[in-house]
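K.L.:
sharing a model prediction with you, sequence too.
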Amino acid sequence: MDFISKYILHTSIYESPTSFWKWSAYASIAALLRDNCYLRQGDRLLFPNVYILFLAESGTRKGPPVDLSETLITKTATTKIISGRASVQAILDELSRAETDKKTGKIVKAGSAIFYASEMAAGIVADPEALKILTDIYDYKTNPYKSRLRTGPCFNLERIVFSILAASNEAMLKGLFGIAEIQGGFLARIFLVVPNEQRPPNSLMRLDPTE
């Protein structure tokens with residue numbers, strides 16, 4: 001049984017639909033692969049980064065698939081994780097810095113990261129330039145990505161491989177997505193995942209932890 005099949009089997013007791021768990025697994029794989037594999041497209045390289053957004057009404061249990069992926073990637077200590085609330089400038093700053101994991105001593109490389117947000121509208125700090133910059137860094141840059149701000153740090157980013165796994169609903173996204181984001185390319189870069197089923201409620205209060 002492959003990883004995705006095991007992942008879906010493990011999460012079959014939860015209320016979140018299978019489509020969310022499947023794409024949560026895809027995001028986890030993309031985050032782990034980072035810049036370690038690619039397809040060559042002429043003179044350009046295609047890396048396995050993905051922008052994934054779960055879209056469903058409130059109460060559809062969109063958060064657990066996001067949380068499980070973040071938990072798994074955290075335990076591997078190989079890929080930089082950005083989660084919670086962040087400005088796009090802070091995201092770029094995180095991407096520019098390599099770090100050493102205090103527990104394992106592994107070096108977590110700069111340039112590769114995954115951003116998690118159980119509610120995308122709350123995760124990205126409101127900024128007219130935020131989604132434009134995220135649109136720009138989606139594509140791998142053959143040459144270093146240069147950030148030059150008068151009031152902030154200046155740095156170059158090598159081999160950007162950046163993924164997003166987030167969730168939201170239509171009402172929340174209306175305040176985040178404008179005409180520029182919808183028609184300018186950001187939405188076109190997103191795998192928009194909707195529920196493929198409605199699972200029965202499960203309080204999880206009667207599970208046998210030994211099984």
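P.N.:
Ah, there it is. Fair warning: this is a prediction, and the values are worked out from it, not measured in the lab.

K.L.:
let me see the ranges of the helices in the protein.
P.N.:
3-10, 18-33, 63-76, 88-96, 120-123, 130-138, 170-173, 179-183 (DSSP state H).

K.L.:
and the residue nearest the centre of the chain, how close does it get to Ala90?
P.N.:
Centroid-nearest residue in the chain: Ile164, 2.1 Å away (criterion: Cα atoms, centre = their mean). The span separating Ile164 from Ala90 equals 15 Å under the rule Cβ to Cβ, to the nearest Å. Placement of C-beta: from N, CA and C, glycine included.

K.L.:
okay, now Ala117: neighbour count?
P.N.:
Other residues within reach of Ala117 by the criterion other Cβ atoms under 10 Å amount to 23.

K.L.:
show me the contacts for it.
P.N.:
When the contact criterion is Cβ atoms under 8 Å, 6 or more residues apart in numbering, the partners of Ala117 are Val66, Ser83, Gly84, Gly123, Ile124, Ile164, Leu165, Ala166, Ala167.

K.L.:
where does this protein dip in pLDDT?
P.N.:
Residue ranges of the chain with pLDDT under 70: 150-152, 206-211.

K.L.:
each with direction, which strands does the top strand by length along it pair with?
P.N.:
Ranked by residue count and defined by DSSP state E, the top strand of the chain is strand 161-168. According to DSSP bridges, strand 161-168 forms sheet pairs with strand 51-55 (parallel), strand 112-117 (parallel).

K.L.:
and these, which is most packed in?
P.N.:
The densest packing among those, expressed as mean neighbour count by mean count of other Cβ atoms under 10 Å, is seen in strand 112-117 with a mean of 24.

K.L.:
for the longest strand of the chain, list the C-alpha coordinates in PDB.
P.N.:
What follows is the C-alpha trace of strand 161-168 in PDB, where atoms were taken according to Å, rounded to 0.1, in the frame of the first residue of the first chain:
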ATOM      1  CA  VAL A 161      10.200  26.000  -4.100                       C
ATOM      2  CA  PHE A 162       7.300  27.300  -2.200                       C
ATOM      3  CA  SER A 163       4.000  25.500  -1.500                       C
ATOM      4  CA  ILE A 164       0.700  26.500   0.200                       C
ATOM      5  CA  LEU A 165      -1.900  24.400   1.900                       C
ATOM      6  CA  ALA A 166      -4.900  26.400   3.100                       C
ATOM      7  CA  ALA A 167      -8.600  26.400   3.600                       C
ATOM      8  CA  SER A 168     -11.400  28.900   3.400                       C
END
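
K.L.:
and the angle from it to helix 88-96?
P.N.:
Between strand 161-168 and helix 88-96, the angle comes out at 140 degrees (axes from the mean of the first three to the mean of the last three Cα atoms, to 10 degrees).

K.L.:
so what angle separates the directions of strand 161-168 and helix 63-76?
P.N.:
Computed by the same axes, to 10 degrees, the angle between strand 161-168 and helix 63-76 is 150 degrees.

K.L.:
just the angle between strand 161-168 and helix 130-138, please?
P.N.:
Our comparison of strand 161-168 with helix 130-138, counting by the same axes, to 10 degrees, yields an angle of 140 degrees.

K.L.:
tell me the buried residues in strand 161-168?
P.N.:
Counting neighbours by 16 or more other Cβ atoms under 10 Å, one finds that the buried residues in strand 161-168 are Val161, Phe162, Ser163, Ile164, Leu165, Ala166, Ala167, Ser168.
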